[in-house]
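In: return a 3D structure for these sequence lines:
(4 chains)
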Number of protein chains: 4
Amino acid sequence: MSVKPTLKNIKYENYKIGDSAFHAKTVTEADVIIFAGISGDFNPIHVNDEFAKTQQFGKRVVHGCFSSALISAALGVKLFGPGALYISQKVDFRKPVYIGDTLTAVATVKEKFTKKEGKLKFLKVETNVYNQDDVLVTEGEALILIM
Amino acid sequence: MSVKPTLKNIKYENYKIGDSAFHAKTVTEADVIIFAGISGDFNPIHVNDEFAKTQQFGKRVVHGCFSSALISAALGVKLFGPGALYISQKVDFRKPVYIGDTLTAVATVKEKFTKKEGKLKFLKVETNVYNQDDVLVTEGEALILIM
Amino acid sequence: MSVKPTLKNIKYENYKIGDSAFHAKTVTEADVIIFAGISGDFNPIHVNDEFAKTQQFGKRVVHGCFSSALISAALGVKLFGPGALYISQKVDFRKPVYIGDTLTAVATVKEKFTKKEGKLKFLKVETNVYNQDDVLVTEGEALILIM
Amino acid sequence: MSVKPTLKNIKYENYKIGDSAFHAKTVTEADVIIFAGISGDFNPIHVNDEFAKTQQFGKRVVHGCFSSALISAALGVKLFGPGALYISQKVDFRKPVYIGDTLTAVATVKEKFTKKEGKLKFLKVETNVYNQDDVLVTEGEALILIM
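Out: This is a model prediction of the structure:
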């Protein structure tokens, strides 16, 4: 028998409507640079400060998908963990996010349903991201399949 | 006059249905480690090889949102660039992506429409991601506002 | 009132001897390169594959302090979170860790005690790190002050 | 003959009590974000500026283990290099380290001793870390085995 603790898969039955988890982080310049580096999204609005000054928001804006990444953490570590399959994600980028903003991704179970005579078990999850002023910057919805 | 080239904002009129661009990249172990690092998504299916061996896919799976990040690059650098505002994104994670897979995110303009008497100009864009075997791993749709 | 969830500080009273948490991760080449990069520890045994082949272990060895970093995560996220102050850490590097090993850092409360007439509340925590073969690679002990 | 310089293992006889080396670096926000990323230690005191403002120190604190990483560099590159085996490390986190602080890790040989009739040769090393105001932020001791 292993001395190490083991990871247990989670069960559909254990989730209730309203179950919630969050993941919060201050988005730094380093995050933006690294995200640009691994994604290849070098749109100047994200990485060119001089260009950004000439545009609508007046400064560099964090990639919208960085919000999605924080949602992924709230879902995949805080709310679900092992045994949950990420089926789909919808995000509306409502407000710009700036370097230095502190984002909180909140995932909340909104609906439970099954398909194929109960063999496939799904959770519909609200995935909203707020900044430090409680402004909803990204509104979204995820679908999770519980194995 | 500056010796540097300047970035020009793009115009709604210049886009046609069927306009397309892609962004392709081999997803390395480093990408996964770094994506986990900036997002905080340390779900063991992504970062724990021993755990992943015991699960459905038999090995570590790349974060679904990494596909979204590549879509962001295809949209924000290759197809649009400055002057386009990323309004929303929907993604369906259809097939698992593994470390070493080469992903190609393809963005294709599907629809043009305006709101508020032509003041707001939108493009609906199909955003699909394929692996090296031409398997559609992530299917999606984005909405872009042209400023 | 904020719509965002808030982080609650933890209480000394809630911890019991034997309380335990773990943090597990496959250590990749990217982790080693990045750790070298932020620490400046470019000892050739970690970053020079040709040199490492000529040495005792025959291949590159992961920095001992990488184990400490995983212990920090097990303590600071999984077992304690907000309101705990990391006072000290002792680590014995017992066995080499190689790139590709999956490490599990396990933190277990071993002792509770107070100082200054109960004003300062401490927990002594065993912090052991195992590899995928259940070999104890790093043995340690941490002291935590609960605020 | 190779044009490359070769790395020579060091000898126990060459070390004297008082031998000393240091490694210094300004700790940036990027270092903290990257350290959190590879370790998984996302304790909000390190990565959530809004939370940190509500706590004892009033701002984000650098991971204690980052000091250990700088000690590792002072030991493994500046003082020892090839042929030295890192046996153990003890650190006391005496004062908080903030983003922007410049840390200097100083390693000083304090004691030489052998075991098993002189076959195993050890050095006891003081490993202290100071900030830009000469405040001792981390006090420690390492044991090194010379191969």
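In: so what would you say the end-to-end distance of stretch A:18-37 is?
Out: Length of stretch A:18-37, first residue to last, C-alpha to C-alpha, to the nearest Å: 37 Å.
In: residues of stretch A:46-55 that come out buried?
Out: A:46, A:47, A:48, A:51, A:52, A:55 (16 or more other C-beta atoms under 10 Å in any protein chain shown). Just so you know, the C-beta spots here come from the backbone N, C-alpha and C atoms, and that holds for glycine as well.
In: ok, and the closest non-adjacent residue to the last one?
Out: Meaning residue A:55. residue A:45 (6.2 Å; C-beta to C-beta, 6 or more residues apart in numbering or on different chains).
In: got the confidence number for that neighbour?
Out: Confidence at residue A:45, expressed as pLDDT, is 93.
In: which other helices and strands does the helix or strand hosting it contact?
Out: Taking DSSP states H and E as the criterion, residue A:45 maps to helix A:44-47. Here helix A:44-47 is seen to pack against helix A:29-39, helix A:49-53 when contacts are counted using 3 or more C-beta pairs under 8 Å, 6 or more residues apart in numbering or on different chains; DSSP states H and E.
In: go through the ones you listed and name the closest to chain D.
Out: Nearest to chain D among the helices and strands packed on helix A:44-47 is helix A:29-39; the distance by C-beta to the nearest C-beta comes to 3.6 Å.
In: what's the average pLDDT for the closest one?
Out: Here the average pLDDT along helix A:29-39 is 97.
In: what about that helix, near chain D?
Out: Yes - using C-beta under 8 Å from any C-beta of the partner chain, helix A:29-39 reaches chain D at A:29, A:30, A:31, A:33, A:34.
In: can you list the residues of chain A near chain D?
Out: Taking C-beta under 8 Å from any C-beta as the test, the list of chain A residues beside chain D reads A:23-26, A:28-31, A:33-34, A:100, A:102, A:132.
In: which of those residues are buried?
Out: By 16+ other C-beta under 10 Å, these give A:23, A:24, A:25, A:26, A:28, A:29, A:30, A:31, A:34, A:102, A:132 as buried.
In: pick out the most distant pair among those.
Out: Greatest spacing in those, by C-beta to C-beta: A:34 and A:132 (21.3 Å).
In: pretty sure residue A:41 contacts residue B:73?
Out: Yes - when contacts are counted by C-beta atoms under 8 Å, residue A:41 is listed as touching residue B:73 (4.1 Å).
In: kindly list the longest strand within chain A.
Out: strand A:102-115 (DSSP state E).
In: sheet partners, orientation included, of it?
Out: With DSSP bridges as the test, strand A:102-115 is paired with strand A:20-26 (antiparallel), strand A:120-130 (antiparallel).
In: confirm residue A:145 sits in a strand?
Out: Yes - checked against DSSP: H, G, I helix; E, B strand; the rest coil, residue A:145 lies within a strand.
In: tell me what it is bridged to.
Out: On the basis of DSSP bridges, residue A:145 is bridged to residue A:85, residue A:122.
In: give the contact list for it.
Out: Going by C-beta atoms under 8 Å, 6 or more residues apart in numbering or on different chains, residue A:145 touches A:84, A:85, A:87, A:120, A:121, A:122.
In: ok, now how distant is it from residue B:91?
Out: 15 Å (C-beta to C-beta, to the nearest Å).
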